[in-house]
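With the input below, show me the fold.
(one chain, ligands or ions: 1)
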Amino acid sequence: MQGNIMARPLLISGLIEHATLTHPDSEIVSRRCEGDIHRYTMKEAAQRSKKLANALSRLGAKQDDRIATLAWNNHRHFELYFGVSGMGAILHTINPRLFPEQLVYIINHAEDRWLFVDLTFIPLLEAIKDQISNIEGFVIMTDEAHMPETSLTNVLCYETLIQDESDEFEWPEFDENQAASLCYTSGTTGNPKGVLYTHRSTVIHAQAEIAKEALDIGSYSCMLPVVPMFHVNAWGTPYAAAMTGAKLVLPGPGMDGASLWELIETEKPDLLLGVPTVWLMLLNHMESIGKKLDSVNNVVVGGSAAPLSMIKKFQEDHGAFLVHAWGMTEMSPLGTANAKTRLMDSMSLEERYQLQLKQGRPVCGIEMKIVDDSNNEMPRDGVAYGRLLVRGPWVISSYFKNDDQSSFIDGWFDTGDVATIDPHNYLGIVDRSKDVIKSGGEWISSIDLENEAIGHPELIECCVIGVAHEKWDERPLLLAIRKEGSNVTAEEIKDYLSDKIAKWWMPDDVVFVASLPHTATGKLLKIEVRKKYHDYLLKAENA
Ligand code: ADP
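Residues are numbered from 1 along each chain as shown. This next block holds a predicted model:
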């Protein structure tokens, strides 16, 4: 027997309508590419989203058309989030950090019709314009006064495009399973793969993430998502802002420590969200100016593992709790969050820090399990580790226009991560399955080693890879960037690690480098590092 409840569709337009009626005065503050700070209200944002929807209709945009953006976190991008998806078209957010050939690939693969671009990224498009002929035109996200000279053709100005449009627009109603937005993975190997989110998955994901148990976002919140709107929808924060009326502070191109602090000092966010590399820059900046992040209560850190030194620094220097979270593009992205619990209050700080190192518990709606090579489920004892599989209403079921089903196993998605799950359902990411170091049949977590090494006060970034070894197959090699002026030696680093890790985990050598390669989402590009150093120990032995 079916229940008797209305089957109203969950649509993104519903979020912005709710925001207009419920939180019209909530503020959205952005650092613009033009250089200044822009501020307006949710109501104004909603009105301009409708003007945009009218303008897109005039340009001939229809349901399912892909409308692309190449833009920072700013108010116009926010309007595109609601205007494009709200009218039934699909918002394709493009990551400007992809290589030019990947940009060409995804723009063509997605069959984008119009592309909205921030001033900063125009040169990226000029360099590839002859290879993206499916694009009918470009809309530069600025006003007439700031329109640049460009070799792009069919160019419109955003403010001119919407200025004479009506701010009345009747959002169409359609099936909630219709596609709303598209984001490509950063593709460390092969071409990027597209993840096509639905209206339903987007709304449910936002609903789940605002929970106190997850990211704790409410009308009292003022959040600063440094995590970009050009990748996995800034972890859903624009939708969460519309849902709750939280004040939104958008950093635009200013992701460095000084620019972030400038916004934090004036706007006083209590919730920050971003990847560890961004927080390293901010923490270094705060140390150099000797100030505290007084307004900040919680810092959500995901994308890569949060090191112990960062958890401590936020807590002890700034009184901020680090909410360690894990997810991926294929999961919209939130999978788990390590929110504060009552139990944590009764722990010693050291015990609590150890727990915070874990990636947290599944956000309600996400199921997860670990399996062995034959796909048999392994125990949730916090010790056994295996391949992590997930399923849930905001988890991918297949890649966009791609027949590869190798990641999908009996209704579960294989994350490519190796993990433990403990009896309280806390997830501990051991490593990416391709990064874990297989030494003499035992596994060493490159992430754990990096996290210990980065605790050394004279190092600013660390990367551990498995390199070929005659006896043990693979052994860990640590590559590290020293702080300016530091002469710390390999032996000193090993000494520092000696009481922190098992003896057989000790890196065979420490190599100091000037820089390390990163993916388009700021993660270490270990595939490149491995290529370069694969034979490092063999050469050393034969030398
Ligand atoms: P995003 O681009 O949003 O960072 P990706 O899909 O590129 O997501 O990468 C997801 C992968 O990042 C995960 O499968 C995992 O390996 C890694 N990751 C994400 N969060 C964490 C975390 N808190 N700790 C360790 N690894 C993480």
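
got the residues of the stretch 251-400 of the chain near the ligand?
Residues of the stretch 251-400 of the chain lying near the ligand by Cβ under 6 Å from any ligand atom: Gly302, Gly303, Ser304, Ala305, His324, Ala325, Trp326, Met328, Thr329, Pro333, Gln359. Where you see a C-beta, it was placed from the backbone N, CA and C, and this is true even at glycine.

again, only using 5 Å
Counting by Cβ under 5 Å from any ligand atom, the stretch 251-400 of the chain comes close to the ligand at Gly302, Gly303, Ala305, Trp326, Met328, Thr329, Pro333, Gln359.

Contacts only, for the first one.
Which is Gly302. Contacts for Gly302 (Cβ atoms under 8 Å, 6 or more residues apart in numbering) come out as Val227, Trp235, Val275, His324, Ala325, Trp326, Gly327, Pro333, Leu334, Gln359.

So which of these sit within helices?
Trp235 (DSSP state H).

Least confident of the contacts of Gly302?
Lowest pLDDT among the contacts of Gly302: Val275, with 94.

okay, now that residue: neighbour count?
19 (other Cβ atoms under 10 Å).

could you measure it against Leu103, distance?
Distance of Val275 to Leu103, given as Cβ to Cβ, to the nearest Å: 21 Å.

from the residues of the stretch 251-400 of the chain next to the ligand, which two are the most distant?
Ala305 and Thr329 (17.2 Å; Cβ to Cβ).

So which of these two has more stuff around it?
Ala305 (24 against 21).

close enough to count as contact, the more buried one and Asn451?
Yes - the pair Ala305 / Asn451 is scored as a contact, 6.1 Å apart, by Cβ atoms under 8 Å.

Give me the below-cutoff pLDDT ranges for this structure.
187-189, 541-543 (pLDDT under 70).

wouldn't Ala55 be in contact with Glu159 here?
No - the pair Ala55 / Glu159 is not scored as a contact, 10.7 Å apart, by Cβ under 8 Å.

So which of those two has more stuff around it?
Taking other Cβ under 10 Å, Ala55 and Glu159 do not tie; Ala55 has more neighbours (22 against 17).

List the contacts of the more buried one.
Taking Cβ under 8 Å, 6+ apart as the test, what Ala55 contacts is Leu161, Ile162, Glu165.

secondary structure class for it?
Following DSSP: H, G, I helix; E, B strand; the rest coil, the label given to Ala55 is helix.

follow-up on the earlier one: farthest pair within the contacts of Gly302?
Farthest apart among the contacts of Gly302 - using Cβ to Cβ - are Val227 and Gln359, which lie 15.8 Å from each other.

can stretch 211-231 be found next to the ligand?
No - counting by Cβ under 5 Å from any ligand atom, the ligand is not contacted by stretch 211-231; separation bottoms out at 5.7 Å.

How far does stretch 21-41 stretch from one end to the other?
The first and last residues of stretch 21-41 sit 12 Å apart, counting by Cα to Cα, to the nearest Å.

Centre of the chain to that stretch, how far?
Relative to its chain's centre, stretch 21-41 lies at 22 Å (Cα atoms, centre = their mean, to the nearest Å).

neighbouring contacts of it?
19, 42-43, 45, 72-75, 78, 118-120, 141-143, 146, 219, 241-242, 244-254, 259, 263, 266-267.

The same query, at a cut-off of 6 Å, please.
42-43, 45, 74-75, 118-120, 146, 245, 247-252, 254, 267 (Cβ atoms under 6 Å, 6 or more residues apart in numbering).

Quick one: buried ones out of those?
42-43, 45, 74-75, 118-119, 245, 247-252, 254, 267 (16 or more other Cβ atoms under 10 Å).

Can you tell me the element Glu461 falls in?
strand 459-469 (DSSP states H and E).

ok, residues contacting that strand?
For strand 459-469, contacts defined as Cβ under 6 Å, 6+ apart pick out 437, 446, 449-450, 453-454, 474-481, 483, 516, 524, 526, 529-530, 533-538.

can you list the domain ranges for this protein.
Per automatic domain parsing, the domain ranges recorded for the chain read 8-27+38-211, 367-432, 437-542.

Please identify the deepest-packed of those domains.
domain 8-27+38-211 (a mean of 19; mean count of other Cβ atoms under 10 Å).

Now do that one: distance from first to last residue.
Domain 8-27+38-211: ends 22 Å apart by Cα to Cα.

next one: stretch 306-324
With Cα to Cα as the measure, stretch 306-324 spans 7 Å from end to end.

Thr69 touches Phe116, doesn't it?
Yes - between Thr69 and Phe116 there is a contact under Cβ atoms under 6 Å: 4.7 Å.

Find residues that contact each of these two.
In contact with both Thr69 and Phe116: Leu80, using Cβ under 6 Å, 6+ apart.

of all the buried ones among the contacts of stretch 21-41, which two lie farthest apart?
Leu119 and Gly245 (30.0 Å).

With only the CA atoms kept, save stretch 257-269 in CSV.
Extracted C-alpha coordinates of stretch 257-269, given in CSV (Å, rounded to 0.1, in the frame of the first residue of the first chain):
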residue,chain,number,x,y,z
GLY,A,257,46.1,34.0,3.5
ALA,A,258,46.1,37.8,3.5
SER,A,259,43.0,38.1,1.3
LEU,A,260,41.1,35.5,3.3
TRP,A,261,42.0,37.2,6.6
GLU,A,262,40.8,40.6,5.2
LEU,A,263,37.4,39.1,4.6
ILE,A,264,37.3,37.2,7.9
GLU,A,265,38.2,40.3,9.9
THR,A,266,35.4,42.4,8.4
GLU,A,267,32.7,39.8,7.8
LYS,A,268,33.3,37.6,10.8
PRO,A,269,32.4,34.1,9.5
